[in-house]
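Peer 1: please find the sequence and the predicted model below.
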Amino acid sequence: MAATDVDIFSNEEKRNLSLGGHVGFDSLPDQLVSKSVTQGFCFNILCVGETGIGKSTLMNTLFNTMFENEEASHYQNGVCMRPRTYDLQESNVHLKLTIVDTVGFGDQINKEESYKPIVDYIDTQFENYLQEELKIKRSLFNYHDGRIHICLYFISPTGHSLKSLDLVTMKKLDSKVNIIPIIAKADTISKSELHKFKIKIMSELVSNGVQIYQFPTDDDAVTEINSSMNAHLPFAVVGSIEEVKVGNKMVRARQYPWGVVQVENESHCDFVKLREMLIRVNMEDLREQTHTRHYELYRRCKLEEMGFTDTDPDCQPFSLQETYEAKRKEFMGDLQKKEEEMRQMFVNKVKETEAELKEKERELHNKFEQLKHMHQEEKRKVEEKRRDLEEEMNAFNRRKVAAETLALAQPLKKDKDKKN
Amino acid sequence: MIERPESTVASIAQRNLEGYVGFANLPNQVYRKSVKRGFEFTLMVVGESGLGKSTLINSLFLTDLYSKDYPGPSLRIKKTVQVEQSKVLVKEGGVQLTLTIVDTPGFGDAVDNSNCWQPVINFIDSKCEDFLNAESRVNRRLMPDNRVHCCLYFIAPSGHGLKPLDIEFMKRLHDKVNVIPLIAKADTLTPEECQLFKKQIMKEIQEHKIKIYEFPDTEDDEDSKLIRKIKERMPLAVVGSNVVIEVNGKKVRGRQYPWGVAEVENGEHCDFTVLRNMLIRTHMQDLKDVTNNVHYENYRSKKLAAVTCNGGVDTSKTKNQMTRSPLAQMEEERREHVMKMKKMETEMEQVFEMKVKEKKQKLKDSEAELERRHEQMKKNLEAQYKELEEKRRHYEEERSNWEAQQRILEQQKLDASKTMEKNKKKGKIF
């Protein structure tokens, strides 16, 4: 669709030029940053784990605030998703945080369908974004993005291995969302057990082909820290909102008779590592991955389902307009065909019924003819009988008359005889 | 005024943090990523030849974009308006910028300049089209943003007002690209003349409802003061030069005249610094945002509306259609059509049923009639039979009576004749 009456002479070779002084575009990243800060950020976390495993507590600990959470019962019929959105601010940065909880996960006797509501929720968010992106008049810049950026999968601290529910669920989710597996309630596992547990879990994930989120190592500034953290997965965390006095400071911890588990003590648990990775270092990368990888995959599948391709049979790239026009033509043609079909079916039906009715009419006619025949027969018979009777009667009358005439003639003879 | 989009904030719960969380580091993460990605910017310069466009570009970017090897637009003599782009890669402070300069040699230079803006419009549209297609592909990759982010329009320093060509051009392009009008070669105007000229131009721009690029409102007081200052100086009067001259011991860039040196970077001499700061140091990102959120979206919605609504004649319907994607629109149409067909089908069914019923009824009636007649005839026949039977009985009775009578008569006669015979025999004796 290039302009037809323009010669576009493009120097596609990019010349590298050196600047003779300070131009000032090195402020571009700052301009971009200040724009994003004014706009505000948005982040969506999905917590998947059994009831009572410590999801809400961990969220409270992670974000240092009390989110509302009613304790869920164990008697839910199925898994239901509970998203809650909060507005947080730290220094000059506004964050719209959405925490999605899976209520009732792992409680049912039959857990085969447990993963479905989760997958559906994630897909719905993608679908909503896709719909907004495809609208004719759209406003993407102030669209509230509900796509899940990170899924924290809470693993039960059994110390042995992953449960089959865990494997099944993570396998279903790994192509749709960034997954970070974490070992919950890690204060029930000793250090050596934890080490073995982590190795077991990671090897199980690898052998089952589950793709969890890898902290990016391609950016020089964060390669080192990210690659070292990758080795500590899954993070063993402990959450707590209560504070305990340790030394002369109040720290968040869990108080046991045998000691105090400090949440922010790196030798006690990996909470600090999780916070570093999730929030301080890689939040933006998680958002980017969600958009450029998971969302694009969803979008590609959806569009292909709807019949869109990038190239027509001649391998010429379609322009959007052409694609839509082609679709529209196809669609109209389809409708026309359906209409025709319906009409045709109708015409056939009419013909059939007409034939049927004609058949019936003919039958009736035949019956009528038959009856007529019968009647005529009967009539004839009656006529015959009548004639017979008439004949007999006539014969009888004749006899009578004959006899009477005879009788009349006889007395004359008698008289005659008498006279003699 | 170009409408800026309002961001809506949904009602959500507010929470206060009770300690360190760490997402205040997000801006740094964004900074890092953007530096890694690099930036791109496309700047278009439009104006008649000889207005100093190339010099200004070189001055702005402190580089020899246009040099002997790569001559500027005015030095390339063209018969018709051309649109040409040059891409350069510049680095500063770790930030990489892919700068694309688009010029339009031949603009306004012909005797008849009607439609000389058309190639420009076509170029801008084609860039938007490319972006739209890339964005709409099934397999999307990171798309380079080649859309024109800013158009610097050079006004000749006549001192009187805008020329018809200026007005025509700006009117046609103001809703396709960010237009920033500049007064070129401002060193031919005295400050007072310049003031009057600027006032006149702004008046004409308002009269013709031309929407030039507007600076966004900021909440920061400092910034809004600065912005107001810039707004007062619009359109910016610029002078360009890359020649370094020594003035009072200082090395400055400027133009040497017998009567003095017009310094490029002196705010009292011209508005070059303002332009540079605004264009590069403070509002480059905003220019890109406005292009993306306003101009491009305009183009896109127009394009897609044309495809789905077939021109969108019926405004009441199109408003509804705008809130959907073209596919959803087709779905809706499909559903409507299916409903229509269903209705038609039921109607036809009804009519059909009625006719069938009618015919069946008729048949039934005929059959009933037939039955009736058959019955009647039967009755008739039976009656006849009965009558006949009666008659016969009657006749039989009569006959047997008569026969009996006859027999008696016969007997009598026989007896009589016997007695007569006897009497005869007796009579003879007498």
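Peer 2: Arrived safely.
Peer 1: run a quick neighbour tally on the one residue in the stretch 1-150 of chain B that gets nearest to chain A.
Peer 2: Of all residues in the stretch 1-150 of chain B, the one sitting closest to chain A is B:Asn122 (2.9 Å; C-beta to the nearest C-beta). The C-beta positions use only the backbone N, C-alpha and C, and glycine is treated the same way. Residues lying near B:Asn122 (other C-beta atoms under 10 Å in any protein chain shown) number 19.
Peer 1: shouldn't it be within a helix?
Peer 2: Yes. Assessed by DSSP: H, G, I helix; E, B strand; the rest coil, B:Asn122 belongs to a helix.
Peer 1: how close does it get to B:Asp166?
Peer 2: For B:Asn122, the distance to B:Asp166 equals 20 Å [C-beta to C-beta, to the nearest Å].
Peer 1: just A:Met81 next, same as before
Peer 2: 58 Å.
Peer 1: quick check: which element contains residue 162?
Peer 2: Using chain A. Following DSSP states H and E, one finds A:Leu162 outside all helices and strands.
Peer 1: chain B is the one I meant
Peer 2: B:Leu162 belongs to no helix or strand, assigned by DSSP H and E.
Peer 1: for it, what are phi and psi?
Peer 2: With angles defined as degrees, to the nearest 10, B:Leu162 sits at phi -80, psi 150.
Peer 1: mind listing what it touches?
Peer 2: With contact set as C-beta atoms under 8 Å, 6 or more residues apart in numbering or on different chains, B:Leu162 has these partners: B:155, B:200-201, B:204-205.
Peer 1: buried ones among these?
Peer 2: B:155, B:201, B:205 (16 or more other C-beta atoms under 10 Å in any protein chain shown).
Peer 1: would a markdown table of the residues you listed with distance to chain A and pLDDT be doable?
Peer 2: Shown next, in a markdown table, are the buried ones among the contacts of B:Leu162 (distance: C-beta to the nearest C-beta, whole Å; pLDDT from 0 to 100):
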| residue | distance to chain A | pLDDT |
| --- | --- | --- |
| B:Ile155 | 24 | 91 |
| B:Ile201 | 27 | 91 |
| B:Ile205 | 26 | 90 |
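Peer 1: let's have these in JSON lines, adding secondary structure.
Peer 2: Formatted as JSON lines, these follow (three-state DSSP):
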{"residue": "B:Ile155", "secondary structure": "strand"}
{"residue": "B:Ile201", "secondary structure": "helix"}
{"residue": "B:Ile205", "secondary structure": "helix"}
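Peer 1: relative to A:Lys273, which of these is nearest.
Peer 2: Nearest to A:Lys273 among the buried ones among the contacts of B:Leu162 is B:Ile205, at 58.4 Å by C-beta to C-beta.
Peer 1: B:Met278 versus the closest one, what's the distance?
Peer 2: From B:Ile205 to B:Met278 the distance is 17 Å (C-beta to C-beta).
Peer 1: near chain A, which residues of the stretch 51-200 of chain B show up?
Peer 2: Residues of the stretch 51-200 of chain B lying close to chain A by C-beta under 8 Å from any C-beta of the partner chain are B:60-65, B:70, B:82-90, B:92-95, B:97-98, B:118-119, B:122-123, B:125-126, B:129, B:132-133, B:136-140, B:142.
Peer 1: show me what contacts B:Ile210?
Peer 2: Neighbouring residues of B:Ile210 by C-beta under 8 Å, 6+ apart: B:167, B:170-171, B:174, B:179.
Peer 1: all strands of the stretch 101-250 of chain A, in order?
Peer 2: A:150-155, A:179-183, A:235-236, A:243-246, A:249-256 (DSSP state E, counting those that start in this stretch).
Peer 1: can you tell me what sits against the host helix or strand of B:Lys229?
Peer 2: Applying DSSP H and E as the criterion places B:Lys229 in helix B:221-232. With C-beta under 8 Å, 6+ apart as the contact definition, helix B:221-232 has outside contacts at B:215, B:217-218, B:274, B:278.
Peer 1: quick one on the thing from earlier: now list the buried members of the contacts of B:Ile210.
Peer 2: For those, buried by 16+ other C-beta under 10 Å: B:167, B:170-171, B:174, B:179.
Peer 1: from those, which land in strands?
Peer 2: B:Val179 (DSSP state E).
Peer 1: widest-spaced pair of the buried ones among the contacts of B:Ile210?
Peer 2: B:Ile167 and B:Val179 (11.8 Å).
Peer 1: and the helices in the stretch 251-400 of chain B, which stretches?
Peer 2: Here the stretch 251-400 of chain B has its helices, by DSSP state H, counting those that start in this stretch, at B:272-276, B:284-290, B:297-308, B:315-322, B:326-429.
Peer 1: pLDDT averaged over the strand or helix carrying A:Glu392 - what is it?
Peer 2: Assigned by DSSP H and E, A:Glu392 belongs to helix A:320-419. For helix A:320-419, the mean per-residue pLDDT is 80.
Peer 1: do it and chain B come into contact?
Peer 2: Yes. Residues of helix A:320-419 contacting chain B under C-beta under 8 Å from any C-beta: A:320-321, A:323-325, A:327-328, A:331, A:335, A:338-339, A:342, A:346, A:349-350, A:353, A:357, A:360-361, A:364, A:367-368, A:371, A:375, A:378-379, A:382, A:385-386, A:389, A:392-393, A:396, A:400, A:403, A:407, A:410, A:417.
Peer 1: are any of the residues you listed buried, and which?
Peer 2: Neighbour-count burial within the residues of helix A:320-419 next to chain B applies to A:320-321, A:323-325, A:327-328, A:331, A:335, A:353, A:357, A:368, A:371, A:375, A:378, A:382, A:386, A:389, A:393, A:396, A:403; the criterion is 16+ other C-beta under 10 Å.
Peer 1: wait, B:Gln200 touches B:His160, no?
Peer 2: Yes. Counting by C-beta atoms under 8 Å, B:Gln200 touches B:His160, with 7.1 Å between them.
Peer 1: next, the distance between the ends of stretch A:99-113.
Peer 2: One end of stretch A:99-113 to the other measures 22 Å (C-alpha to C-alpha, to the nearest Å).
Peer 1: show me how far stretch A:88-99 is from its chain's centre.
Peer 2: Relative to its chain's centre, stretch A:88-99 lies at 31 Å (C-alpha atoms, centre = their mean, to the nearest Å).
Peer 1: same question, stretch B:229-248
Peer 2: Here stretch B:229-248 is found 43 Å from its chain centre; the criterion is C-alpha atoms, centre = their mean.
Peer 1: what residues sit buried inside that stretch?
Peer 2: Quick answer for stretch B:229-248 (16+ other C-beta under 10 Å): B:230, B:233-242, B:245.
Peer 1: what does stretch B:190-206 give?
Peer 2: Residues of stretch B:190-206 classed as buried: B:194, B:197-198, B:201-202, B:205 (neighbour count, 16+ other C-beta under 10 Å).
Peer 1: middle-most residue in chain B, spatially?
Peer 2: B:Ala305 (2.4 Å; C-alpha atoms, centre = their mean).
Peer 1: that one reaches A:Lys135, doesn't it?
Peer 2: No. B:Ala305 sits out of contact with A:Lys135 when judged by C-beta under 8 Å, with a separation of 11.0 Å.
Peer 1: how close does the residue nearest to B:Thr282 when sequence neighbours are not counted get to B:Val88?
Peer 2: Of all residues not flanking B:Thr282 in the chain, A:Gln31 sits nearest, at 6.8 Å (C-beta to C-beta, 6 or more residues apart in numbering or on different chains). Distance, A:Gln31 to B:Val88, by C-beta to C-beta: 20 Å.
Peer 1: the two: who's more crowded?
Peer 2: It is A:Gln31, of A:Gln31 and B:Val88, that has more neighbours when counted by other C-beta under 10 Å, with 22 against 19.
Peer 1: what kind of secondary structure is that one in?
Peer 2: Strictly by three-state DSSP, A:Gln31 counts as helix.
Peer 1: A:Arg252 pairs with what?
Peer 2: A:Glu243 (DSSP bridges).
Peer 1: which ones are touching it?
Peer 2: A:61, A:240-244, A:262-264.
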